[in-house]
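Novice: turn this into a model:
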Amino acid sequence: MTADATSAPAFRYAAVTFDCADPAELACFYGDLLGYATLYSSDDFVFLGKEGATGLGFNRLADYRPPTWPDPAQEKQAHIELGVDDLDTAEKHLLGLGATKPEHQPQPDRWRVLLDPAGHPFCITTLV
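Specialist: As a prediction, this is how the structure comes out:
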């Protein structure tokens with residue numbers, strides 16, 4: 001801690017932003033999944049959120065290449081962990097929203113890896 005800690009500004013975790021080819025499409029997927037509303041939208045960026053929750057942003061990247069997880073050819077840059085009460089029920093719901101399930105599942109009895117419509121891996125787990 002610095003000597004002048006009283007003058008330090010307050011910081012809080014506000015959002016994570018994903019690069020993608022189509023921000024509106026990806027925002028629709030996560031908005032449906034989390035019950036988030038669109039708080040800001042342009043052709044190149046969409047921001048979702050709701051009262052008391054951390055937001056999600058989606059940024060258009062002209063040369064976006066989706067991750068190829070688990071193949072390291074195009075590594076994942078980040079992924080979200082989502083806590084659920086029942087893995088099977090949550091997986092079925094997410095697949096219905098447009099997620100896909102890769103064949104490789106490291107520990108499917110503890111968590112499941114799914115891919116969002118832009119190819120970003122995300123996990124559902126009962127451990128959170």
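
Novice: nearest the geometric middle of the protein, what residue?
Specialist: Within the chain, one residue has its C-alpha closest to the average C-alpha position: by Cα atoms, centre = their mean, that is Ile80, at 4.7 Å.

Novice: that residue and Ala62: what is the separation?
Specialist: With the distance defined as Cβ to Cβ, to the nearest Å, Ile80 ends up 24 Å from Ala62. C-betas here are computed from N, CA, C, even on glycine.

Novice: for Ala21, same thing?
Specialist: As it turns out, when the distance is counted by Cβ to Cβ, Ala21 lies 8 Å from Ala62.

Novice: try Thr126
Specialist: Remark: distance between Thr126 and Ala62 (Cβ to Cβ) = 38 Å.

Novice: more neighbours, these two?
Specialist: Set side by side, Thr126 and Ala62 give different neighbour counts by other Cβ atoms under 10 Å, the larger being at Thr126 (14 against 6).

Novice: got a list of what the more buried one touches?
Specialist: Counting by Cβ atoms under 8 Å, 6 or more residues apart in numbering, Thr126 makes contact with 83-87, 110-111.

Novice: these, buried ones only, as a ChimeraX selection?
Specialist: In ChimeraX, this line selects whichever of the contacts of Thr126 come out buried by 16 or more other Cβ atoms under 10 Å:
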select :84,87,111
